[in-house]
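1. sequence and computational prediction follow.
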Amino acid sequence: MTSISEKFANLRAEKQCALIPFITAGDPDLETTSEALEILEANGADFIELGVPYSDPLADGPVIQAAATRALERGTRLDDVLQIAQSVTRKITAPIILFTYYNPILNLGIDQFLKLIAEAGIKGLVVPDLPLEEADNLIQAAQAKGIEVILLVTPNTPDDRIKAIAEKSRGFIYLVSVTGVTGVRSQLQTRVKDVLENIRTITDKPIAVGFGISSPEQARQVKEWGADAVIVGSAFVKRLGESTSYNGLRAITEFCHDLKTSIRSERLVVSG
């Protein structure tokens with residue numbers, strides 16, 4: 001499994017926009033999570049963001065909050081998530097990016113946490129409530145273990161702070177497309193295009209856009225605005241967690257394929 005930076009370099013050389021699905025580990029169950037990771041790669045996922053269920057997910061909207069609650073109620077813990085990741089990283093090449101809040105990291109200790117996720121084959125880390133001013137220790141310790149810490153930018157982030165985030169973020173820059181929490185939205189803010197163009201003047205690091213993207217049409221729009229990657233979360237979580245395992249896996253198979261087709265081909269293809 002290559003690093004996130006290496007994967008993006010390869011995609012850029014091929015002039016391809018990356019697809020990054022997000023799923024919540026343990027929803028509807030751990031076995032389905034394991035199957036989903038393999039299915040997502042087989043249907044076009046270039047990276048996969050794997051959410052660790054957390055009791056107070058401040059950055060997440062109702063769909064992902066509900067998924068985390070269901071997973072926690074079934075007893076899903078960090079050890080379970082890493083066990084699944086370790087088994088799957090032997091079978092897939094798409095780098096797995098772990099999405100977790102900062103408290104679980106602090107509770108274990110930064111070094112122990114990074115040791116465990118490195119052993120599981122995790123290549124990236126997104127911590128939405130990690131303050132920029134406190135990020136250095138985690139970023140440096142993670143880099144020593146081959147893990148890239150990805151930082152977030154919002155449409156309201158001032159230019160001087162975007163520059164600081166761009167300098168510290170590893171792998172890519174995560175541009176949040178909306179002001180607020182994750183969730184399915186019918187329209188994207190056109191300001192995202194301006195923010196993308198602004199970030200391009202500051203850094204040449206890849207930029208991935210997430211939060212609110214829920215259809216192939218929206219994914220293609222983000223690509224046309226100049227994003228290096230499209231992150232889709234709630235739309236995957238809803239399909240996978242709010243159905244039987246079989247129907248959920250079938251739904252994400254079709255959805256992932258349609259999303260990848262929309263950002264890879266010249267014509268938008270949507271399954272009927």
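-> Sure thing, it's come through. Numbering: from 1, shown residues only.
2. so what's the residue count around Q112?
-> By other CB atoms under 10 Å, the residues close to Q112 number 11. C-beta here means a position set from N, CA and C on the backbone, and glycine is covered the same way.
3. I'd like the distance between A118 and K238.
-> The gap separating A118 from K238 is 31 Å, by CB to CB, to the nearest Å.
4. higher neighbour count, these two?
-> Taking neighbours as other CB under 10 Å, A118 and K238 compare with K238 leading, 22 against 16.
5. which residue comes closest to the more buried one once chain neighbours are left out?
-> V63 (5.1 Å; CB to CB, 6 or more residues apart in numbering).
6. in what helix or strand does that neighbour lie?
-> helix 62-73 (DSSP states H and E).
7. buried stuff in that helix?
-> Judged by neighbour count using 16 or more other CB atoms under 10 Å, the buried positions of helix 62-73 are 63-71.
8. counting by contacts, list what that helix packs against.
-> strand 18-24, strand 48-51, helix 234-241 (3 or more CB pairs under 8 Å, 6 or more residues apart in numbering; DSSP states H and E).
9. kindly reformat those as a markdown table containing mean pLDDT and distance to S262.
-> Shown next, in a markdown table, are these (pLDDT from 0 to 100; distance: least, CB to CB, whole Å):
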| stretch | mean pLDDT | distance to S262 |
| --- | --- | --- |
| strand 18-24 | 98 | 9 |
| strand 48-51 | 98 | 18 |
| helix 234-241 | 95 | 13 |
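10. where are the low-confidence patches of the stretch 151-272 of the chain?
-> 178-189, 265-272 (pLDDT under 70).
11. how about a cut-off of 50?
-> 180-186, 265, 267-272 (pLDDT under 50).
12. quick one: the helices in it?
-> Per DSSP state H, counting those that start in this stretch, the stretch 151-272 of the chain carries helices over the ranges 159-168, 191-202, 216-224, 234-241, 245-264.
13. the first one vs helix 191-202, what angle?
-> The one in question is helix 159-168. Relative orientation of helix 159-168 versus helix 191-202 (axes from the mean of the first three to the mean of the last three CA atoms, to 10 degrees): 60 degrees.
14. pull out the buried positions in stretch 136-154.
-> Quick answer for stretch 136-154 (16+ other CB under 10 Å): 138-139, 141-142, 147-154.
15. scratch that, stretch 250-260 is what I was asking about
-> Buried residues in stretch 250-260, defined by neighbour count with 16+ other CB under 10 Å: 251-253, 255-260.
16. export stretch 45-64 to CSV, keeping only CA atoms.
-> Once non-C-alpha atoms are left out, stretch 45-64 reads as follows in CSV (Å, rounded to 0.1, in the frame of the first residue of the first chain):
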residue,chain,number,x,y,z
ALA,A,45,-12.3,4.3,-4.5
ASP,A,46,-8.8,5.7,-4.6
PHE,A,47,-8.6,6.3,-0.8
ILE,A,48,-11.1,5.3,1.9
GLU,A,49,-11.9,7.3,5.0
LEU,A,50,-12.9,5.1,7.9
GLY,A,51,-14.7,6.7,10.8
VAL,A,52,-14.1,5.6,14.4
PRO,A,53,-17.5,5.8,16.3
TYR,A,54,-17.4,8.5,18.9
SER,A,55,-20.0,9.5,21.5
ASP,A,56,-19.8,13.3,20.8
PRO,A,57,-19.1,13.8,17.1
LEU,A,58,-19.3,17.6,16.9
ALA,A,59,-18.4,17.8,13.2
ASP,A,60,-20.9,15.2,12.0
GLY,A,61,-24.4,15.7,10.9
PRO,A,62,-27.4,13.5,11.9
VAL,A,63,-26.7,10.6,9.4
ILE,A,64,-23.1,10.0,10.7
